[in-house]
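1. what would the 3D arrangement of this be:
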Amino acid sequence: TYNTTFKRINLSIAMEGVESLYKKFGVLADAKDKAGQFEEEYLAILSTIKNGSGAEKRLCASFVPRFFKSFPDHQEAAFNAQLDLCEEVEAVIRREAIKGLPDLCKADNKLIPRMANVLAQLLPIESHLDQTIVKHCLAQLLKQDTRSAISGILDQIVDGKDEVRPAARKFLLERLTDCDKYFPNLTGDDELKTYMIEQLDYISRDASYPEFVELMAVASCIDRRKTLKMLTRMLDLEKPFDPTQGEALERFCMVLPLVLKYHNKSNSTSSILKFYGGVLPVFSQVESVDHQLLLLQGLAETLQSSVTEEDAALCLDGVFSLMLSFLPEKVPGEEENVESPPSLNFSALECLTFSLYRTAAVVPAFLKEEDRLAGVKKRVIYLQRASNCYMKRLRRSAVKEDTAEQVTLKTRVVKMLWNCKELCKAITSEGSYKPDITLSWRKEYTNVTNRLYTPLVSDSKRPQAKPPVPSPPTAKRRRGGAQQVYAPPKGAYSGNIGSATNGHDDRGKGSSSRRKYSK
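-> Predicted structure coming up:
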């Protein structure tokens, strides 16, 4: 038929093109170091990329990188031709072309930043196999020249498309977690580390908060100490706190959690607590409620580390006064029935009670001076009662119809109320009670289910216990019941049991009772 004949003609033409390519390849391969003299053959291979068949393009994807260094005058055309093959729809051609990209850089290291930039753009590719090949090619460039390859990737993190930037950050983070394997030149090269930290610092200035967190994670893998120093500088702790500067306050609330994350025992928090000594007196002037909560959470997290007596004294008065401002001055008694009880900000009070507990534990004489605790004990106990009351109500609420997000939220609120109750108990006990507190916003709430958090399930919603299975008639009775008396066996031979003597009387006293056997 016509279709069959047409296919045979196309196949014949394709085979002729493949054979022609192999002949040109043979000429260049046989020439070895003198391959540059056969410019016509190499240009023919480049021209085949535009109009050749699939089989011809696949061969070109491996032929072009092999003789790339032999034709410096045509490197730009060969570079662009190889990139065209990387955009082919046919996966076999595309993957073969991507594998050949690092070979182009062996002729000239100056191409590495450009090639790393190109490969970074290919990271969001859908095919998992293609992604693996791209990452492998980038790893080759990083081993060949780490600084040049990093500069190409960072260019895409700065100016890349929306889908490229997170993919490039993720690639760097994955590779930096194992520096010895993927960055052999980075371990002892302080100049390279400084360069990378400076570049990440520059990029982070225009980044969103999620991007900023990822960039700092990358930086911490490079050098944790330099990253902490950079973040501490961003806090700008030397300037006095101004509650009207919204941008500076936003930056402080964004950077402080990361400073505490990369903080270790050898680093002092005195500068942060000294800064909070100026924040607490003007805390009420902070307009944003979200910023207020973030400031209080940052203070509580800072006090989680070891605190000296001097550091605690910096913010102890401010914490005590601010906590009282969140508590009602007149509290109802236990037996009073109040229609509208005073409202409490439990989120802020969790932070403040924890901060007071941590600082007062270092300076125990503070609460005893001027009878401070005696004057506010009723208000603290009221907070303890209110936390316990709301916690019981929340635990009794039915959650069968709630979504997973609602169950997680309720679990976190229960943890917050429990912390408030335990901290109030610790404060009023004057050091005799020391609870183990995990701040509610720092606790992991993954895979929260009613089965794991049974206090959130009402008794009516819990599964009913299975009725006991009746024991069989032959089962052994429990203690206290009628005990069965053992009955010896009866039969033709039962009478001889115990009466066989074999002509000897084995009964006797002492050692003579043992049976004696004659040799």
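
2. quick one: Leu258 from Asn264, how far?
-> Here Leu258 is placed at a distance of 14 Å from Asn264 (CB to CB, to the nearest Å). Just so you know, the C-beta spots here come from the backbone N, C-alpha and C atoms, and that holds for glycine as well.

3. with Phe68 instead?
-> Taking CB to CB, one finds Phe68 at 49 Å from Asn264.

4. Phe25 now?
-> 59 Å.

5. between these two, who's got more neighbours?
-> Between Phe25 and Asn264, counting by other CB atoms under 10 Å, Phe25 is the more crowded of the two (19 against 9).

6. residue contacts, that one?
-> Contacts here follow CB atoms under 8 Å, 6 or more residues apart in numbering; on that basis Phe25 touches 45, 59, 63.

7. which one of those residues is nearest Glu198?
-> Comparing the contacts of Phe25 against Glu198 with CB to CB places Phe63 closest, at 41.3 Å.

8. let me know the secondary structure of that closest one.
-> helix (DSSP: H, G, I helix; E, B strand; the rest coil).

9. hang on, it packs against Ala44?
-> No: with contact defined as CB atoms under 8 Å, Phe63 does not reach Ala44; the gap is 10.4 Å.

10. more neighbours, these two?
-> Phe63 (24 against 14).

11. retrieve the pLDDT associated with the more buried one.
-> Model confidence at Phe63, expressed as pLDDT, equals 84.

12. and it, how close does it get to Trp441?
-> As judged by CB to CB, Phe63 and Trp441 stand 59 Å apart.

13. Pro72 now?
-> Distance of Pro72 to Trp441, given as CB to CB: 60 Å.

14. neighbour count winner among the two?
-> For Pro72 and Trp441, the more surrounded residue by other CB under 10 Å is Trp441, and the numbers stand at 17 against 11.

15. got any ranges where the protein has weak pLDDT?
-> 1-17, 179-180, 182, 184-185, 187, 265-266, 333-341, 370, 398-401, 445-519 (pLDDT under 70).

16. and if we set it to 50?
-> Residue ranges of the chain with pLDDT under 50: 1-13, 338, 450-462, 475-478, 481, 486, 492-519.

17. can you give me the buried ones in the helix or strand containing Phe212?
-> Under the criterion of DSSP states H and E, Phe212 resides in helix 209-222. For helix 209-222, the buried set under the neighbour-count rule, 16 or more other CB atoms under 10 Å, comprises 211-212, 214-222.

18. go through those and say which is closest to Phe252.
-> Phe212 (13.3 Å).

19. excluding chain neighbours, what is closest to that closest one?
-> Ser204 (5.2 Å; CB to CB, 6 or more residues apart in numbering).

20. what of Tyr262?
-> Nearest non-adjacent residue to Tyr262, counting by CB to CB, 6+ apart: Leu228, 4.8 Å away.

21. what about Thr403, how many residues nearby?
-> Residues within reach of Thr403, counting by other CB under 10 Å, total 9.

22. ditto for the one 10 residues further on
-> Here the neighbour count serves as a burial measure; for Val413 (other CB under 10 Å) it reads 17.

23. now it: which helix or strand?
-> helix 404-428.

24. try Glu310
-> helix 309-325.

25. returning to that earlier point: which secondary structure state does the residue nearest to Tyr262 sit in?
-> helix.
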